[in-house]
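Student: Starting from these lines, generate the structure:
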Amino acid sequence: MQLKKLATIAASLACAGLIMAACSSSTNSASGSGSGATTSVKSGGSLTYALDENIPGWNINTSADNEYVLQEVMNLIWPQTFLINPQLQPYLNTDLVTSATQTKSNPQTIVYKINPAAKWSDGQPINAEDFFYNYAAQSGATKSDGKTPLYTDIDGTPFDDASNTGYSQVKSVTNSAPASGSCQSATITGIGSIPCANGDTVTVVFASPFADWRSLFGNLVPAHKAATVGWNKGFVDYKNVVSGSWYKISNYVENQYVVLKKNPSYWGTPGKLDTITFQIFNGDTQAVPAMQNGEVQVINPIETSLSIVQAADQLTGVTKSLIGGLEFQHIDFNESDPYLALKSVRQAIAYGTDRNQIVARTVGEFDPSLKPLENRMLVPSQAGYQDNGAAYATLDVAKAKSLLQSAGLTMSSDGYFQPATGPQKGQDLTFTIKSTSGNDLRASIEQLFQADMKNIGIKINIANETASTLFGTDLPQGQYQMTLFAWVATPFISGNLSIYCSYTNTSACGQNWTHYSNPQVDSLLTAGAAASSSTTEVSDFNKADQILWSDMDTLPLFQAPVFTVWSNKYGNIVPNPASVGITWNAQEWGVKAS
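Tutor: Here you go, the predicted model:
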């Protein structure tokens, strides 16, 4: 994405999260309602929404495309079993499934009843084949040798999945015959034969419990299309993206716009607007001027700054909203670097970073209530949040320098530490930090960080990249030393597992770009994801976070505020703090009736 990368639970959004719906043997969907409609609106019309960067690709379930800007579009195209309302409650998407019920707790068993009316925009039914395929592509399952993938893409390559949390705990997926007719199997290259692919009932049995099972089967990829074009690369072309929801892609021009039109094949309540256009800008600074001249009607700047808020204050005929989001800014260290591999060096950087000043000089300028974030798993607005980073709450330059000395570095006459060994032997210790280019907030943070590091004797170079380069190449391939970006979360805390579990487990920990490894953290994250109650799950993830603070794998900065502005001519626009973003209910947006 751009400034924000999704931390995923299997398919759906995640960069950290909560409000888990606890497993119960008889519950159906979950508490909460999805409707954001409170205003009478007309059918028809159009609206343009500002995106701050280009679309990376169209399969959001892959690590390459798993970005916030894409989720904002895909909310309206690929169906999700459970949706997330602004209260962070998952609710059943009954247009896709009429029920999703836990029928047993030992072994944990979930039965999905697919809506018989559900179909893709090309006329193909949405059925058990889609559920099995989406499981197979994201399971990370291996053959008996424990290494060879059990399932592969159509070209024989391993599936690129953003996360297999939850899917990796599945023991079996069984399809049952449709209400009318008999079972028919389907064969997909790399997957094999799928029994009863045309079934309308899917039974999922877990080998170990998964508290956040409602996070699964989100952004459902059409199996029949992926079987011909492939999961990993087949959806680079938007023309391969068939819809299973309210809207379909009508047109896309790279770096310019995405146009959605109503899906005429949609079987449920249709969207209100005829078209929704996502206008693509390079960064957030153009959003307010675009709204002022009528080019867009909704803006949600990804990285809000004081200048953007002040500019928005000059707009008339608009509604503004500022809420705490499920996202946080952070600095990550690539521990494959010989110096950043030293815990004492990472700790020194953390002690030497004035996070209070970074907050005060950036987001604190328009939201004085914000403070440094002391948790990687949860943000302050979520239940279960606790302060795990108290040791780093105050700037301590002396301690930072002491830690660098203990790492074998010596202060030179120019005020910078120099290593006695390694590639920078006899040179000033220097690191390069990378973030997304064209972002004022990011640039300000980097400059403040650069000054902090100078005070403790470390040189920092700033070399920002385009979002596609940073997230598509540099971070996944480890071509960086430090990086600054934001994780965006779903309400499911187990989405953090793929970020912090040991990088050596590449199938389960595909979002671990820091090369961090700690078996104790692995154990806690795994136990938390398999917990039978949300209380135990949150406790385990908080314990893991405490170890991460001690190891200083990443340095959290602050919970990012979500700033949204929209034209008063439109109704039912409701900000959502989760990674689904403002478009979570865009099918209900419309021109006000009066």
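Student: so how far is A463 from the closest residue to R442 other than its chain neighbours?
Tutor: Leaving aside its sequence neighbours, R442 sits nearest to S435 (Cβ to Cβ, 6 or more residues apart in numbering; 4.5 Å). Yep, even glycine has a C-beta here, placed from its N, CA and C like the rest. Distance, S435 to A463, by Cβ to Cβ, to the nearest Å: 9 Å.
Student: If you count surrounding residues, which of the two has more?
Tutor: The neighbour count for S435 versus A463, taken as other Cβ atoms under 10 Å, is higher for S435 (26 against 13).
Student: what sits against the closest residue to E537 other than its chain neighbours?
Tutor: Excluding the flanking residues, the one nearest E537 by Cβ to Cβ, 6+ apart is A531, at 4.0 Å. By Cβ atoms under 8 Å, 6 or more residues apart in numbering, the contact set of A531 is 209, 211, 537, 540.
Student: Which residues outside stretch 415-426 are in contact with it?
Tutor: Applying Cβ under 8 Å, 6+ apart, the external contacts of stretch 415-426 come out as 338-339, 401, 404-405, 408-412, 427-430, 454, 457-459.
Student: Among those residues, name the buried ones.
Tutor: Neighbour-count burial (16 or more other Cβ atoms under 10 Å) applied to the contacts of stretch 415-426 gives 339, 401, 404, 409, 429, 457-459.
Student: Could you measure from K119 over to F431?
Tutor: 53 Å.
Student: Please save the CA atoms from stretch 213-226 in CSV.
Tutor: Provided in CSV are the C-alpha atoms of stretch 213-226 (Å, rounded to 0.1, in the frame of the first residue of the first chain):
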residue,chain,number,x,y,z
TRP,A,213,-12.5,-18.1,12.9
ARG,A,214,-14.8,-15.3,11.8
SER,A,215,-11.8,-13.7,10.1
LEU,A,216,-11.6,-16.5,7.5
PHE,A,217,-13.0,-16.5,4.0
GLY,A,218,-12.8,-12.8,3.5
ASN,A,219,-12.2,-11.3,0.1
LEU,A,220,-13.2,-14.5,-1.5
VAL,A,221,-11.3,-15.2,-4.7
PRO,A,222,-13.3,-16.7,-7.6
ALA,A,223,-11.9,-20.2,-7.9
HIS,A,224,-13.1,-20.8,-11.5
LYS,A,225,-11.2,-17.7,-12.6
ALA,A,226,-8.1,-18.3,-10.6
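Student: from the chain's centre, how far out does it sit?
Tutor: When C-alpha coordinates are averaged (Cα atoms, centre = their mean, to the nearest Å), stretch 213-226 and its chain have centres 16 Å apart.
Student: what's the average pLDDT for it?
Tutor: Across stretch 213-226, pLDDT averages out at 96.
Student: Three-state assignment for Q546, please.
Tutor: Recorded secondary structure, Q546: helix (DSSP: H, G, I helix; E, B strand; the rest coil).
Student: returning to that earlier point: out of the contacts of A531, list just those in strands.
Tutor: Counted as lying in strands by DSSP state E, out of the contacts of A531, is not a single one.
Student: which one of the residues you listed sits closest to S344?
Tutor: For the contacts of A531, the minimum distance to S344 (Cβ to Cβ) is 27.4 Å, reached by D540.
Student: who's in contact with the residue nearest to R442?
Tutor: S435 sits next to 3, 442, 445-446, 464-465, 470, 483-485 when contact means Cβ under 8 Å, 6+ apart.
Student: swap in S168?
Tutor: S168 makes contact with 139-141, 507-508, according to Cβ under 8 Å, 6+ apart.
Student: which one of those is nearest G324?
Tutor: Out of these, the member with the shortest distance to G324 (by Cβ to Cβ) is A508, at 29.6 Å.
Student: For A529, see how far away that closest one is.
Tutor: Distance from A508 to A529, by Cβ to Cβ: 10 Å.
Student: Next, show the common contact partners of these two.
Tutor: Applying Cβ under 8 Å, 6+ apart, one finds that A508 and A529 are jointly contacted by 165, 497.
Student: P90 and I84 touch, don't they?
Tutor: Yes: contact status for P90 versus I84: in contact at 5.8 Å, counting by Cβ atoms under 8 Å.
Student: tell me which element the residue in the chain sticking out farthest from the centre falls in.
Tutor: Of all residues in the chain, S413 has its C-alpha farthest from the mean position, at 45.0 Å, by Cα atoms, centre = their mean. Counting by DSSP states H and E, no helix or strand carries S413.
Student: on that earlier part again, put together TSV for the buried ones among the contacts of stretch 415-426, with secondary structure on each row.
Tutor: Below are those laid out as TSV (three-state DSSP):
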residue	secondary structure
Y339	coil
K401	helix
L404	helix
L409	strand
L429	coil
G457	coil
I458	coil
K459	strand
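Student: For the residues you listed, could you give me a markdown table that also reports distance to Y351 and pLDDT?
Tutor: Shown next, in a markdown table, are those (distance: Cβ to Cβ, whole Å; pLDDT from 0 to 100):
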| residue | distance to Y351 | pLDDT |
| --- | --- | --- |
| Y339 | 16 | 98 |
| K401 | 9 | 98 |
| L404 | 10 | 98 |
| L409 | 15 | 97 |
| L429 | 15 | 98 |
| G457 | 12 | 98 |
| I458 | 12 | 98 |
| K459 | 17 | 98 |
